[in-house]
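1. Could you work out the structure for the sequence below:
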Amino acid sequence: MKTLKLKGLNINTGNSKAFSFETPPDLPKAHQSMLFVGKRASGKTLSCVNLLEKMNYDRIFVISPSVKSNKEYMDRLHLNPDDIEDDVDDISCIDRVIAKIEQERDDLEEFWEKTARWKKFNKQLSEGYMLNDLEDDDLLDLFNPITNNFDKPKHKYNGRIPMIAILFDDVVGSMLFTKGIRKLNKLTIYHRHIAPFADKGGAVGTSLFFLIQSYKAQAGGISKCIRNNTTSLVLFKSKNETELKDIQQECSGEISEEIFYKMYEYATAEPHSFLFIDFHPKEEQYRFRRHWDELLLPEEIVIENTKENNTLSKDKDEYIPPQTTTT
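-> Down below sits the predicted model:
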């Protein structure tokens, strides 16, 4: 096959980080749309809470009727009571959460604007301007009567875009997943674009975490739209072979059927254990895991990272982190 390159038509990806958030190196990207699929008492809530703790989200909203019964786990997230929606038959709960995310955007834009004015104000003072020469609005807005000074504006995240998540638990079959499914589908499609900035570009956005018992349901379950927009999947042991086959087929673009079932059986062999599949991993070796702390690397993939000295041996068929040994 011959090819011919055309000049000036290459795709310029630019340097935009409009939707990028720093997460710990060994953890998934943000923003996420993650599904936790497992039967009752499989460990979905516990595994999700463990991940949310490690991801360092600034603000977590919970939409669930079982927050109080899961108090032991939910307390670990240090939730604001105002960020909990326990009436999942009230589909306007989505609108209230989005409004609060948009308020975060508004607060941040106000901070940026005031900080720019504050810097200009102080520059004018250093150049010898008198207070009478300065804008009245700046004098009123920037003066702090408590400190009797023109203090630098403050922001609860120090001018940083907050990383936000929404957790949906025990909501399948509710009005939110029936009458409100179009609203939920829209949120899933546009979750990275929620609360866009007026001039800066990008958005605050939000990650979504769905905890469900059934991957597919006759009514009131996870819609095809949500499944198609899934960025990561957490799969617990299932006795439903048809459902498992559906999941395998939807993962067929990432892994062969044989390797999928091999990893699934290994990852879910113990109670409350799970297989994690990241459809958009930071690096290829992070695509499959058992729990959060054990990487699963298919036999046909060999990773060699000389910088970190991380290797996968075909003979041992296991991932060996730096300065560790296996037993």
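2. if I look at residue 184, how far off is residue 225?
-> Computed as C-beta to C-beta, to the nearest Å, the residue 184 to residue 225 distance reads 9 Å. For glycine as for every other residue, the C-beta is placed from the backbone atoms N, C-alpha and C.
3. Residue 51 now?
-> When C-beta to C-beta is applied, the distance between residue 51 and residue 225 equals 23 Å.
4. which one of the two has more residues nearby?
-> Taking other C-beta atoms under 10 Å, residue 51 and residue 225 do not tie; residue 51 has more neighbours (21 against 14).
5. Run a quick check on that one versus residue 293, I expect a contact.
-> No: at 11.1 Å, residue 51 does not count as touching residue 293 under the criterion of C-beta atoms under 8 Å.
6. For the residue lying closest to residue 93 once chain neighbours are set aside, list the residues it contacts.
-> In space, and not counting its chain neighbours, residue 93 is closest to residue 85: 3.9 Å by C-beta to C-beta, 6 or more residues apart in numbering. Contact partners of residue 85, counting by C-beta atoms under 8 Å, 6 or more residues apart in numbering, are 61, 62, 63, 64, 93, 96, 97.
7. Need the buried ones from these selected in ChimeraX.
-> Command for ChimeraX, covering only those of those found buried under the criterion 16 or more other C-beta atoms under 10 Å:
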select :61,62,63,64,93,97
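8. Can you flag which of the contacts of residue 85 belong to strands?
-> 61, 62, 63 (DSSP state E).
9. Now do the first one against residue 261, distance only.
-> In other words, residue 61. Residue 61 is 36 Å from residue 261, by C-beta to C-beta.
10. Over to the last one?
-> The span separating residue 63 from residue 261 equals 33 Å under the rule C-beta to C-beta.
11. Please apply the same query to the second one.
-> Look at residue 62 and residue 261: by C-beta to C-beta, they are 34 Å apart.
12. Helices of the stretch 101-250 of the chain, residue ranges please.
-> Counting by DSSP state H, counting those that start in this stretch, the stretch 101-250 of the chain has helices at residues 136-142, 181-189, 224-228, 241-250.
13. Tell me the buried residues in the third one?
-> Counting neighbours by 16+ other C-beta under 10 Å, one finds that the buried residues in helix 224-228 are 226, 227.
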